[in-house]
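K.L.:
Give the three-dimensional model of this entry:
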Amino acid sequence: MADEIQSKSGTIISLFSTASSVGKTIIAINLAAGLAAYGKKVLLADCDMQFGDVANMLSYKPQKTIADVQAAFLERPDVDLLPLIESYSYNTISFGLLTAPLRLDQAYNMKTDALKKIFTNLRRHYDFIIIDTTTAFNELNMAILDMSTYIAFIGIVDFIPTIKNMKIGYDAMRRLGYDQEKIHFILNRDQSHTSIDFDDVQNILGTSFQHIIPNDFQTVQASIKEHVPLILAQKNAPVAEKLEDLVQKFIQQTDGEKEGQGSGLGSIFKRLFR
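P.N.:
Numbers count the residues shown, from 1 in each chain. You can find the predicted model right below:
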């Protein structure tokens, strides 16, 4: 069993954007919930150190945050981190939760090298680690993007400056040598009120959106007010169905033909979406 844990390397999906207020945290939460519904062991980590919103959106009051995990690791690098990981549950679905620091002084004291080692350790124990990042090409974000299996680059088509920043961000990641297969361009809030042509945006970016999530303000707002991932509580809404499709895409890419075969891990999720 020890050898199995030692050799395991879970999939890391980082949620990134070059614009604020694009729904990145909502998508991160629902990715974690959807993957957990498939029976995957999932950790959702909030790495927006100063203004992380995962705990607020889930109405979760953490006893231990990512700052506490770092402190324990720095004190003793061989510490068992799993007892420090809390969890969020809804009915029979649960996933690990690593929330952002509670205080700004803790946020300023987060160390990139320590966090890289922490995530390297934790990925041996999880099938998926979902990391919600902040909107910046800073040292920590770059380290997270480097170690990620996939980067979910979230964009919206609303204003020209937003599209310009998406283009700058995508070009920067390509110059850094990230393979196209690693970057998943996701358009959020499709069909929101805008005069900008969708095809023009893709031509400007020089790539296509691999996944499109519709605009559904009422459903998303209801989810935020209820503090429950909409993929679990409002599974029949079109936005939930598109989020489920995104979950399935990542599972198919990581599991291939193993998806839904033999183990019955997909049965819970299939019941949720009937």
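
K.L.:
Put the alpha carbons of the lengthiest strand in the chain into PDB.
P.N.:
For the chain, the longest strand by residue count, based on DSSP state E, is strand 183-190. What follows is strand 183-190, C-alpha atoms only, in PDB (Å, rounded to 0.1, in the frame of the first residue of the first chain):
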ATOM      1  CA  ILE A 183      -4.300  25.000 -21.500                       C
ATOM      2  CA  HIS A 184      -8.100  24.600 -21.500                       C
ATOM      3  CA  PHE A 185      -9.700  27.800 -22.600                       C
ATOM      4  CA  ILE A 186     -13.100  28.100 -21.000                       C
ATOM      5  CA  LEU A 187     -15.700  30.700 -21.900                       C
ATOM      6  CA  ASN A 188     -17.900  31.600 -19.000                       C
ATOM      7  CA  ARG A 189     -21.200  33.500 -19.200                       C
ATOM      8  CA  ASP A 190     -21.800  32.800 -22.900                       C
END
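
K.L.:
which helices and strands does the next helix or strand along the chain from that strand pack with?
P.N.:
Next helix or strand after strand 183-190 toward the C-terminus (DSSP states H and E): helix 198-205. In terms of contacts (3 or more CB pairs under 8 Å, 6 or more residues apart in numbering; DSSP states H and E), helix 198-205 is packed against helix 160-175. Any C-beta I mention is one placed from the backbone N, CA and C, and that applies to glycine too.

K.L.:
Contacts for the helix it packs on, please.
P.N.:
The contact list for helix 160-175, computed with CB atoms under 8 Å, 6 or more residues apart in numbering, reads 16-19, 22, 137, 145, 151, 153, 155-157, 180, 183, 185, 196, 201, 204-207.

K.L.:
how far away is residue 243 from residue 229?
P.N.:
Distance of residue 243 to residue 229, given as CB to CB, to the nearest Å: 9 Å.

K.L.:
Check the contact between residue 122 and residue 128; I expect there is one.
P.N.:
No: contact criterion CB atoms under 8 Å: residue 122 and residue 128 do not qualify, at 11.0 Å.

K.L.:
and the two? which has more neighbours close in?
P.N.:
Set residue 122 next to residue 128 and count neighbours by other CB atoms under 10 Å: residue 128 wins out with 27 against 20.

K.L.:
so what secondary structure elements neighbour the helix or strand hosting residue 129?
P.N.:
Applying DSSP H and E as the criterion places residue 129 in strand 128-132. Secondary structure elements in contact with strand 128-132, counted by 3+ CB pairs under 8 Å, 6+ apart, are strand 11-16, helix 24-37, strand 42-46, helix 112-122.

K.L.:
among the contacts of helix 160-175, which ones are buried?
P.N.:
Among the contacts of helix 160-175, those classed as buried by 16 or more other CB atoms under 10 Å are 16-19, 22, 145, 151, 153, 155-157, 183, 185, 201, 205.

K.L.:
Tell me which residues touch residue 58, please.
P.N.:
29, 88, 97, 227.

K.L.:
Oh, that last question was meant for residue 119, not what I typed.
P.N.:
So residue 119 contacts 12, 45, 129, 131, 144, 147 (CB under 8 Å, 6+ apart).
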